[in-house]
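Visitor: Whatever this is, show me its structure:
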Amino acid sequence: MSNGLTRVSEAVAVVYGEEELFRRTAHLFATVTDLACAANDLATWAYDHSPEMPPMSDGYPGDIRVRKLYRPGLLLDSVSARELARRRDSLGAEIRISKEELNETIILDRRVVILAGDLRAGRRGYSVISQPEIVQGVMSLFETAWRSATDLAVYDAQVAEIRQLAPAVLDLLGQGVKDEAAARRLGLGVRTYRRRVAELMDALGAESRFQAGVRARELGLV
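Guide: Numbering: from 1, shown residues only. Purely as a prediction, here's the structure:
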């Protein structure tokens, strides 16, 4: 590795740290006309535009198509939900919510793929790939997920009620309070409470209440 860059081949390079990533790919972001992105949270692509592009507050230029896929759990946090709406309304991004497990990815003009990897020594690794066959494969996966995903406004309306209850429900689950007692505390029937817990688990992509707690902590909900 040299200066945060490991070159695997002419078509694949591994970069460490977002600052280094976007320093080396700034020229691609400056000229991009089709940007597709999949992320689990709002922090993964903290520099999801190049300094050479117009400021985020000004929105994306009209000739750039921006599509973003996010995980449902983000909408359980009111601050994150508002930020997603801002990115859609003020910045012009098309945003959908997908329950599919997707590797966090950026695709630039269907020619270059950036895949987020694991943390190493406090820095995250990113694979920058221009191999046409790989790019095409990743693009196909993104398009499939995009078609099956739900528009942000539609999904937000679906989770609006559970979002209000989420902090209290997560707190009760964390305390191990039995359903009957938890329902009484929230002024709900037991069946309604259990339905809300199921909806919360679904939004978090969790298969158990324990896993829901883990996912909630990862998202900063508790």
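Visitor: Low-confidence stretches in this protein?
Guide: Within the chain, the segments meeting pLDDT under 70 span 1-9, 44-62.
Visitor: State which helix of it is the longest.
Guide: Taking DSSP state H as the criterion, the chain has its longest helix at helix 152-175.
Visitor: What segments of the protein are strands?
Guide: Here the chain has its strands, by DSSP state E, at 5-9, 12-16, 34-39, 65-70, 94-97, 105-108, 112-120, 123-129, 150-151.
Visitor: Make a markdown table out of those and add mean neighbour count and distance to Gly213.
Guide: Bear in mind the C-beta positions are built from the backbone N, C-alpha and C, glycine included. Below are these laid out as a markdown table (neighbours: other Cβ atoms under 10 Å; distance: least, Cβ to Cβ, whole Å):
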| stretch | mean neighbour count | distance to Gly213 |
| --- | --- | --- |
| strand 5-9 | 12 | 36 |
| strand 12-16 | 20 | 31 |
| strand 34-39 | 21 | 22 |
| strand 65-70 | 20 | 21 |
| strand 94-97 | 20 | 21 |
| strand 105-108 | 23 | 27 |
| strand 112-120 | 16 | 22 |
| strand 123-129 | 19 | 25 |
| strand 150-151 | 14 | 25 |
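Visitor: Take those strands and lay them out in CSV including distance to Ile162.
Guide: Converted to CSV, the strands of the chain look like this (distance: least, Cβ to Cβ, whole Å):
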stretch, distance to Ile162
strand 5-9, 43
strand 12-16, 38
strand 34-39, 22
strand 65-70, 17
strand 94-97, 14
strand 105-108, 28
strand 112-120, 28
strand 123-129, 31
strand 150-151, 15
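Visitor: which stretch among the ones you listed comes nearest Val214?
Guide: Among these, strand 112-120 comes nearest to Val214, with 17.5 Å by Cβ to Cβ.
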